[in-house]
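Colleague: Attaching a predicted model along with its sequence, questions to come.
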Amino acid sequence: MINIWDYVISFLVGGFICFLAQILVIRTKITTARILVLFLIIGMILEVFNIYAPFKEFAKAGATVPIIGFGANLARGAIMAAEEKGIIGIFTGGLTASAGGIAMAIFASFIFALIFSSKSKRGGH
Amino acid sequence: MDKEKRNVNYNIYVESKVPKTRAWPSLIKAFILGGAICAIGQGFFDLYTYFFPSLSESEVSTCMLMTIIFITCLLTGIGVYDVIGAWGGAGSVIPITGFSNSISSPAIEFKKEGIIYGICVKMFTIAGPVIVCGVVGSIICGFIGYFI
Amino acid sequence: MQTYKLKNKVYILEGFSMVGPLEGKGPLKDYFDYIIQDDTLKEKTFEKSERKLLYDLIINAVDKAGLKMSDIDFFIGGDLLNQIVSSSFAARELNLPFIGLYSACATMTESLAISGIFVDNKIANNIVASTCTHFSSAERQYRFPLELGNQRPPTAQWTITGGGASIVSNIPSKIRINAVTFGKVIDYGISDVNNMGAAMAPAACDTIKLHLKNTNHKVSDYDIILTGDLGKLGSEILIDLMEHENIILGQNYSDCGCMIYDKSERVFMGGSGAGCSASVLNSYVLYKMKKGDFKRVLVVSTGALMSTTTSQQGDTIPGIAHAVELVFNDLDAEKNRKKMGETSRLKRKEDVKPLSNLKKTDKKKSKIN
């Protein structure tokens, strides 16, 4: 059932998004935190204008793995919960939809921080 | 002499002196790394769809992201991810791995200041804005969805 | 009067330098006294490693000079960490009167200059001037966590792991401190923290210009003019700035940051940090001066006086540079030292690596934390 095309399109679309981001990095010396936030907001905007769903249908993991997908997920969660539960959904929906990723990031970071220590860099790269 | 004018001129001069790096190699590297991470994500997606047919598509998607996040934290811990990141640039930042790395790297780095004030406090020094903007943005989106 | 000419004879009796593994692979590797293979120095945190590095430097410098700790009147120095903790914590173990300085990466020449003035005015006989930096502790204070996968812009520099200690003394040696110039804080409106060479170059230009003017020297009078850590870009800018002032820096100009790393190691514009000029000065420069290859040397360490807070608030980066002029003193220093009658000194030739010294002081070192 594995569709090779899914992989090709994921690679190409995901790669292209990173390509655009790298242009930004080179041109504007943008920092990690800023670039993450920028693409997160782009994802939200795509979701609000209903562009993200067809984009995801087309690009598969090329749309969900980049931080754009994370932003879209947050936005979609809030919008859908708002429709279902009203005002309370506006506040709970976003984090509920993205809870898995955030929880795993915090949990894994905490555990690995207990296990590992940072190493000094061996040289320039 | 007018200091402001001097500074502006100096900045322009320095800008002209900064060596122009060839952009193409780094752009291609970012493309390859970002693409590869997304393709790996697709691999996990297919894997989980095959083994857990009862899960919905969005749940499978979440599982896939969680797996990638976990792997990134592990790679950060063993000191591999910074090398990958220095090679691939934005290709390592834009995928969810960048978010994961930006949480785990300060957590590991500031471990020496203790669990509470080190790991827990510093964990969000870089990724904090992502979560803040994410939550605020989602609430705004929720309002938009609710009223429109 | 920014330039102070030392009236009495003040010497650099001895210098000791220690660097980390990466610097130990560079072109100056044969000049350094000791190359650390494990840059944690077996300490738990990089901050502890840095203060141990400084402690080791001082202990070994005093030992190499054939003095005892009780002969030292002051420890003058600083480092890059907040509240110059490495120096004060090292001083805690040293049991010496401590004068803490901060001029960012210009700390080495500032310490030397102040030590020189102290000895010149007979306030002290022997002073140890020292500073060091550690890549990993500087990185976590000034930039990002070590494990963060980020790319550095091409103008970035690489903070060195290492440092140097000099014994400034009235005991004659082959290196005499002739004149010192304290620089003004100069800001040309550069705000990019990844381009510190450009921020510091105007300060270096100003200090060199003043020093030449006040001492009535020409560039060609010096065998080498050495800036601290301007890096490749910064030194190119300095050459242009000096040209603008009608001073041509020729073949005798060099930069410690450009010298310390191999071209194959991708460290962008070169080394930076207080330890950069400290280690090069206390190894390469002193060695060449003792051999008599360099008769007159001008060392101009440069510092960028910003903090993470000021740069986040969008302030520009002020630069500072202090200059120390060293001259070759043609006297049979060995003979003089023999008079003091210590046998250990007989072994003291420039090319003997003081590994044995280091072992000897291991016990003393373990006191620190």
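Modeller: That came through fine.
Colleague: Once you drop chain neighbours, what's closest to the residue nearest the centre of chain A?
Modeller: Against the mean C-alpha coordinate of chain A, by CA atoms, centre = their mean, the closest residue is A:Ile67 at 1.9 Å. Across the structure, with CB to CB, 6 or more residues apart in numbering or on different chains as the measure, the residue nearest A:Ile67 apart from its sequence neighbours is A:Phe39 (4.7 Å). To be clear about C-beta, it is placed using only N, CA and C from the backbone, and glycine gets the same treatment.
Colleague: Torsion angles phi and psi at that neighbour?
Modeller: Comment: the main-chain dihedrals of A:Phe39 come out as phi -70, psi -30, following degrees, to the nearest 10.
Colleague: List the contacts of it.
Modeller: Shown in contact with A:Phe39 (CB atoms under 8 Å, 6 or more residues apart in numbering or on different chains): A:Ile17, A:Ala21, A:Pro66, A:Ile67, A:Ile68, A:Gly71, B:Ile94.
Colleague: quick one, what contacts the third one?
Modeller: Same thing as A:Pro66. In this structure, A:Pro66 makes contact with A:Gly14, A:Ile17, A:Cys18, A:Phe39, A:Gly43, B:Gly34, B:Cys38, B:Ile94, B:Pro95, B:Ile96, judged by CB under 8 Å, 6+ apart.
Colleague: Could you point out which residue ranges in chain A have low pLDDT?
Modeller: Across chain A, the stretches falling below the confidence threshold (pLDDT under 70) are A:1, A:122-125.
Colleague: Could you list the contact residues of the stretch 1-150 of chain C toward chain B?
Modeller: C:Lys44, C:Thr45, C:Arg140, C:Phe144, C:Pro145, C:Leu146, C:Glu147, C:Leu148, C:Gly149, C:Asn150 (CB under 8 Å from any CB of the partner chain).
Colleague: now the first one, nearest residue through space, not along the chain?
Modeller: Read that as C:Lys44. Excluding its sequence neighbours, the residue lying closest to C:Lys44 (CB to CB, 6+ apart) is B:Lys112, at 6.8 Å.
Colleague: now swap in the fourth one and tell me
Modeller: With CB to CB, 6+ apart as the measure, C:Asn150 is the residue that lies nearest to C:Phe144, at 5.9 Å, once sequence neighbours are left out.
Colleague: Specify the local secondary structure of that neighbour.
Modeller: Counting by DSSP: H, G, I helix; E, B strand; the rest coil, the backbone at C:Asn150 sits in coil.
Colleague: Report pLDDT for it.
Modeller: Predicted confidence (pLDDT) for C:Asn150: 82.
Colleague: so it makes contact with B:Ala90?
Modeller: No: counting by CB atoms under 8 Å, C:Asn150 stays clear of B:Ala90, with 9.8 Å between them.
Colleague: Tell me which residues touch the residue of chain C found nearest chain B, please.
Modeller: The nearest approach of chain C to chain B comes at C:Gly149, 1.7 Å away (CB to the nearest CB). By CB under 8 Å, 6+ apart, the contact set of C:Gly149 is B:76, B:81-86, B:88, B:92-93, B:98, B:101, B:105.
Colleague: so what's the backbone phi/psi at it?
Modeller: Backbone dihedrals for C:Gly149, given as degrees, to the nearest 10, come out at phi -80, psi 80.
Colleague: Now do the helices in chain B.
Modeller: In chain B, the segments counted as helices under DSSP state H are B:3-17, B:23-51, B:57-77, B:81-88, B:90-93, B:96-109, B:121-122, B:128-147.
Colleague: again with chain C
Modeller: Taking DSSP H to define them, one finds helices in chain C at C:46-64, C:85-94, C:107-120, C:135-142, C:196-215, C:231-244, C:256-260, C:274-280, C:286-291, C:308-312, C:333-339, C:355-360, C:362-365.
Colleague: tell me the most buried of those?
Modeller: Mean neighbour counts were taken over the helices of chain C using mean count of other CB atoms under 10 Å in any protein chain shown, and the top value, a mean of 36, falls to helix C:274-280.
Colleague: helices or strands up against that helix?
Modeller: Counting contacts by 3 or more CB pairs under 8 Å, 6 or more residues apart in numbering or on different chains; DSSP states H and E, helix C:274-280 is packed against strand C:11-19, helix C:107-120, strand C:126-133, strand C:162-169, strand C:224-227, helix C:256-260, strand C:296-304.
Colleague: what's the closest of the ones you listed to B:Val60?
Modeller: The stretch from the helices and strands packed on helix C:274-280 with the least distance to B:Val60 (CB to CB) is strand C:126-133; that distance is 49.3 Å.
Colleague: if I look at the residue in chain B positioned nearest to chain C, how far off is C:Phe74?
Modeller: Of all residues in chain B, B:Gly85 sits closest to chain C, with a separation of 1.7 Å (CB to the nearest CB). Counting by CB to CB, to the nearest Å, the gap from B:Gly85 to C:Phe74 is 45 Å.
Colleague: Over to C:Lys68?
Modeller: Relative to C:Phe74, and taking CB to CB, C:Lys68 is found at 15 Å.
Colleague: near chain C, which residues of chain B show up?
Modeller: Near chain C, when you scan chain B using CB under 8 Å from any CB, you find B:4, B:6-8, B:10-11, B:13-14, B:17-19, B:21, B:26, B:76-77, B:79, B:81-86, B:88-89, B:92-93, B:98, B:101-102, B:104-106, B:108-110, B:112, B:126.
Colleague: out of the residues you listed, which are buried?
Modeller: Applying a neighbour-count criterion of 16 or more other CB atoms under 10 Å in any protein chain shown, the buried members of the residues of chain B next to chain C are B:7, B:10-11, B:14, B:17, B:26, B:76-77, B:79, B:81-86, B:88-89, B:92-93, B:98, B:101-102, B:104-106, B:108-110, B:112, B:126.
Colleague: check contacts around the closest residue to A:Gly15 other than its chain neighbours.
Modeller: The spatial neighbour of A:Gly15 that comes closest, neighbours along the chain excluded (CB to CB, 6+ apart), is B:Gly35 at 2.9 Å. Applying CB under 8 Å, 6+ apart, we find B:Gly35 in contact with A:Ser10, A:Phe11, A:Leu12, A:Gly14, A:Gly15, A:Phe16, A:Cys18, A:Gly62, B:Gly91.
Colleague: could you pull out the helices for chain A?
Modeller: Secondary structure of chain A by DSSP H: the helices cover A:4-28, A:32-48, A:52-59, A:61-64, A:67-85, A:87-115.
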